[in-house]
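1. below: sequence and its predicted model.
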Amino acid sequence: MRNAICVLLHAQLKARLRYLRSAFSTRRRILLSALIILLSIVWTGQTVTSVLLRDAYPVDDFRRCVGLGLFAWTLWHILRVAWKRPESPVEWSPAERDLIVAAPFSAAQLLAYRFTVILTATLPKALLTILVLWPDLSWSSPVGLILALVGLELFRMLTDAGSCCLSRRGYLVFRAAVVGGIILLVAACWPAADPLTGVMPAPGVEPITATRTASEVTDAILARPLASAMVAPFFWCADVVAGHESPTWLVLKATGMLSMLAAFVWGIAWLEKIAHRVLLRRERLLQGTQRCDIEQQAESLSGVRPLPRIPVGGPLAWRQWGRAMQYVGSLLISMAIPALLLSPVLFTVRDPVLAFGIVFGGALFYSFVLLPEALKFDFRLDMDHLMQLKMLPMSAARVVVGQLTVPVLLACVFQFCVLIGTAVFRGIEPSILMIALCYCLPLNVLFVALDNLVFLLYPHRPTQEGFEAFLRTILKFTGKTLLITLSLATLLIWAPLAAMLARQLAVSTGIVFVWGTIAGIMLLATAAVLNVVAAFSRFDVSLHAA
């Protein structure tokens, strides 16, 4: 059993190599693999060229950015745990929970496996970061980057394990302490305080001056005792990454970082044991409190109303809706952030119609490029359940409609809230608002159908990491960029054609352009959904499941 983890990791490496070889097993996979390799060469060459040609950042600015970035990422882990406590002290994927956690491994062996996975996943990230920041790095930077990235992952595990050790009351106290700490930090470092009013940018300042002023504001905030004490450990790590000190001090600080990682490992192992006992005690209490008679359960369920019926794919839609409601916090964050980023347009653009158009375009762009990654409540999240979906006594069209309903609905809710709020705030005419809302539904159907079509043609696990996920992301965003460019070119061609058709029909050009565009989008959305149905019908779980 001592070498079981090593044997397991070796088997996983061999399986990954076999999976890579299977990328060239069929014509479709050969085409995709060749396209990925070509795009990788183009993007890598562009990145290397830009890195070699640019000048190095000032050491102080680079050190400040690294330190504040590490601090922000650490603060995010604390806020994440305070927002929602994880279910287990150590995060496991469903496959790992079934095959590894259920195996006869000790707790120490499982933690050793998890630490090894973290290290192997961090090394490629560190190598890519080193490539991008090559002009700014020194001899100690690779060591500092690897230790910093591993430290962030270990801190995440430490916060998860620590939150699982708390009782319900203790967790509420922890959440209140985090909120109070954030309020205290903002109040202590508020830039509008008297010592900072002299360095705040004035209205109409040039961008270069505003950037320099923002740097001065950051320095003034970091000069505060509270802020300086909180970011001191992170600037310790930033010194090693930036090579800001003498070699002797850099070696000492790197040794301190390594000691901190060892302390994190010991703390995770200790907290994991405590969390395991707490979870067992909590489950026993739940078993004791949930015992009740069958008659009482029947009486309690007798007054429950049945769920409303959905004509096509209703059970699958309700299933995906239940999964989406488990991530309400993440959904709100993924929708609130773009809404906040679009809000400055409401105050800076004088023409209300132009401001509404910019917000409308920004919302559609986000819904096409980034929002689908947060709304994977469809085939993309059902990699392990595709066999069950194929065995359902439903037609492929009903299964597809049921799977696509929830992400389309959530995307429409996001767009409707943003557009209606913008229209009310800037006083947009109802006719313009209704036309914009008519675009949303077919576009969302098209966006979600395209993502699911790509998944069914080239399936992969949503939690997959590593170089393959990086290449797949490059291919996806490149394809979406090409589609956006093609759509703009199509609109430029359709505009004069709509004007000619409007003159022949003796109607307004705007009416022909708008409703012709909506009709074209509806045809594309219908074709995309039909292609998803065909791809799901041809999908063979034994051959295509990764």
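-> Perfect, I can see it now.
2. where does residue 356 sit: helix, strand or coil?
-> Residue 356 carries the three-state label helix when classified by DSSP: H, G, I helix; E, B strand; the rest coil.
3. surely it meets residue 437?
-> No. Assessed by Cβ atoms under 8 Å, residue 356 is found out of contact with residue 437, at 11.9 Å. Glycine gets a C-beta too; all of them are placed from N, C-alpha and C.
4. who's more crowded, these two?
-> residue 356 (24 against 16; other Cβ atoms under 10 Å).
5. list the contacts for that one?
-> Residue 356 sits next to 419, 422-423, 426, 428, 432, 436 when contact means Cβ atoms under 8 Å, 6 or more residues apart in numbering.
6. ok, now residue 502?
-> Residue 502 makes contacts with 508-509, 511-513, as judged by Cβ under 8 Å, 6+ apart.
7. ok, 10 Å please
-> With contact taken as Cβ atoms under 10 Å, 6 or more residues apart in numbering, residue 502 is in contact with 508-513, 516.
8. for residue 250, same thing?
-> By Cβ under 10 Å, 6+ apart, the contact set of residue 250 is 138-141, 143-144, 239-244.
9. can you put those residues in CSV and add pLDDT, secondary structure and distance to residue 278?
-> As requested, those are arranged in CSV below (pLDDT from 0 to 100; DSSP: H, G, I helix; E, B strand; the rest coil; distance: Cβ to Cβ, whole Å):
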residue, pLDDT, secondary structure, distance to residue 278
138, 83, coil, 45
139, 83, coil, 45
140, 84, coil, 41
141, 85, helix, 41
143, 87, helix, 37
144, 87, helix, 36
239, 86, helix, 38
240, 87, helix, 36
241, 85, helix, 37
242, 84, helix, 41
243, 80, coil, 44
244, 73, coil, 42
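10. same list (these) but as CSV, adding distance to residue 185 and neighbour count.
-> Output for those, formatted as CSV (distance: Cβ to Cβ, whole Å; neighbours: other Cβ atoms under 10 Å):
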residue, distance to residue 185, neighbour count
138, 31, 15
139, 35, 9
140, 30, 21
141, 29, 22
143, 30, 17
144, 26, 25
239, 23, 21
240, 25, 27
241, 24, 29
242, 24, 27
243, 29, 19
244, 25, 19
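11. from those, which is closest to residue 116?
-> Nearest to residue 116 among the contacts of residue 250, counting by Cβ to Cβ, is residue 143 at 19.1 Å.
12. in the stretch 201-350 of the chain, which spans are helices?
-> Using DSSP state H, counting those that start in this stretch, the helices of the stretch 201-350 of the chain run over 207-222, 225-242, 247-289, 294-302, 314-325, 328-342, 344-348.
13. next one: the shortest one to chain centre, how far?
-> Relative to the chain's own centre, helix 344-348 is displaced by 26 Å; criterion: Cα atoms, centre = their mean, to the nearest Å.
14. what residues do residue 356 and residue 437 have in common as contacts?
-> 419, 423.
15. just to revisit the earlier point, out of the contacts of residue 356, list just those in helices.
-> 419, 422-423, 426, 432, 436 (DSSP state H).
16. one step back: dump the helices of the stretch 201-350 of the chain to a markdown table, plus distance to residue 503.
-> Formatted as a markdown table, the helices of the stretch 201-350 of the chain follow (distance: least, Cβ to Cβ, whole Å):
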| stretch | distance to residue 503 |
| --- | --- |
| helix 207-222 | 45 |
| helix 225-242 | 64 |
| helix 247-289 | 72 |
| helix 294-302 | 65 |
| helix 314-325 | 45 |
| helix 328-342 | 36 |
| helix 344-348 | 34 |
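17. closest one to residue 150 among those helices?
-> With Cβ to Cβ as the measure, helix 247-289 is the member of the helices of the stretch 201-350 of the chain nearest residue 150 (6.2 Å).
18. the closest one to helix 225-242, inter-axis angle?
-> Angle between the axes of helix 247-289 and helix 225-242 is 120 degrees (criterion: axes from the mean of the first three to the mean of the last three Cα atoms, to 10 degrees).
19. quick check, residue 103 in contact with residue 8.
-> Yes. Using Cβ atoms under 10 Å, residue 103 makes contact with residue 8 at a distance of 8.4 Å.
20. run the chain-centre distance for the helix or strand harbouring residue 77.
-> Using DSSP states H and E, residue 77 sits within helix 59-83. Its chain's C-alpha centre and that of helix 59-83 lie 17 Å apart, by Cα atoms, centre = their mean.
21. show me what that helix is packed against.
-> Helix 59-83 makes packing contacts with helix 141-164, helix 168-188, helix 207-222, helix 225-242, helix 328-342 when contacts are defined by 3 or more Cβ pairs under 10 Å, 6 or more residues apart in numbering; DSSP states H and E.
22. how big is the angle separating that helix from helix 168-188?
-> Helix 59-83 and helix 168-188 are oriented at 150 degrees to each other (the same axes, to 10 degrees).
23. buried set for helix 59-83?
-> Neighbour counts over helix 59-83 (16 or more other Cβ atoms under 10 Å) mark 62-64, 66-68, 70-71, 74, 77-78, 80-82 as buried.
24. got it, and stretch 377-384?
-> Within stretch 377-384, the residues that count as buried by 16+ other Cβ under 10 Å are 377-383.
25. name the nearest residue to residue 420, ignoring sequence neighbours.
-> Spatial nearest neighbour of residue 420, chain neighbours left out: residue 433 (7.0 Å); criterion: Cβ to Cβ, 6 or more residues apart in numbering.
26. mind checking how far that neighbour is from residue 413?
-> For residue 433, the distance to residue 413 (Cβ to Cβ, to the nearest Å) stands at 16 Å.
27. ok, those two, which is more surrounded?
-> Shown here are residue 433 and residue 413; by other Cβ under 10 Å, residue 433 has more neighbours (18 against 13).
28. of the contacts of residue 502, which is the most crowded?
-> residue 512 (20 neighbours).
29. which of the helices or strands spans it?
-> Counting by DSSP H and E, residue 512 is found in helix 509-538.
30. that's all I had, so thanks and see you.
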